[in-house]
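In: what shape does this take:
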Amino acid sequence: MAEKDLITEEKIKHAEIFDFKSIYNFVYEWLLSNEYIVAEKSYAEKIKPNGKEIEIEWAALRKVSDYFRFFLKFRWFIVGMTDVEVIKDSVKVKMNKGVFELKISAYLEKDYENKWETSFFSKFLRGLYDRYIIKSRIEKYEDKIGGELKELIAQIKAFLALESSR
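Out: Next up is the predicted model:
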């Protein structure tokens with residue numbers, strides 16, 4: 001079975017005016033431009049007295065080599081989302097108000113094609129391979145996916161700040 005190592009987790013919480021559709025598309029486009037394959041695992045929307053409650057889960061995968069794959073798990077939570085009209089550049093625009101939270105977990109997947117899972121001995125060899133032969137490569141990929149996640153978080157925060165300030 002493929003081995004998934006949690007590298008880092010980040011969380012953004014935003015309780016101001018935002019455009020849900022825009023931030024959703026922004027994150028999706030960022031993932032596509034960075035060669036991730038994105039799958040929406042679940043989408044749940046409930047209408048409550050104080051506004052919509054939305055919960056979304058994504059899985060984003062990117063093959064790095066025949067042995068390594070980056071895996072990003074997204075959990076979107078929006079509570080109390082209501083539509084509001086805001087004046088942007090002298091024009092009324094529909095936006096959203098509520099509490100927006102996005103949690104992203106970054107994993108490094110090793111042997112995702114299960115090539116080393118044929119026997120107990122090959123699993124043992126994979127452990128040696130990971131621990132002693134490619135240790136520096138694993139650390140390099142861990143740093144790389146951690147850096148990508150930090151970059152994505154910074155861009156999301158900048159996007160939300162830009163949306164709020166307009």
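In: helix or strand with the lowest mean pLDDT in this protein?
Out: Least confident helix or strand of the chain, by mean pLDDT, DSSP states H and E, is helix 120-128 with a mean of 84.
In: which secondary structure element contains the closest residue to Gly98 other than its chain neighbours?
Out: Distances taken as Cβ to Cβ, 6 or more residues apart in numbering place Met81 nearest to Gly98, at 3.7 Å, with adjacent residues excluded. From N, CA and C alone the C-beta is placed, and that goes for glycine too. Assigned by DSSP states H and E, Met81 belongs to strand 68-88.
In: contacting residues around the residue nearest to Gly98?
Out: Neighbouring residues of Met81 by Cβ atoms under 8 Å, 6 or more residues apart in numbering: Phe20, Gly51, Lys52, Glu53, Ile54, Asn96, Lys97, Gly98, Phe100.
In: what helix or strand is the fifth one located in?
Out: Under DSSP H and E, the secondary-structure element containing Ile54 is strand 51-63.
In: the strands in this structure, which residues?
Out: 3-14, 17-18, 37-48, 51-63, 68-88, 91-110 (DSSP state E).
In: list the residues that contact the closest residue to Val93 other than its chain neighbours.
Out: Closest residue in space to Val93, ignoring its immediate chain neighbours: Val86 at 5.5 Å, by Cβ to Cβ, 6+ apart. Neighbour list for Val86: Ile17, Lys92, Val93, Lys94, Met95, Arg166 [criterion: Cβ under 8 Å, 6+ apart].
In: I figured the fourth one was touching Asp83, is that so?
Out: Yes. In terms of Cβ atoms under 8 Å, Lys94 counts as a neighbour of Asp83; the distance is 5.6 Å.
In: contacts for stretch 41-59 next, please.
Out: Contacts for stretch 41-59 (Cβ under 8 Å, 6+ apart): 20, 38-40, 71-82, 97-98.
In: which among those residues end up buried?
Out: Buried residues within the contacts of stretch 41-59, defined by neighbour count using 16 or more other Cβ atoms under 10 Å: 20, 38, 71-76, 78-81, 97-98.
In: so what pLDDT did Lys92 get?
Out: Lys92 carries a pLDDT value of 88.
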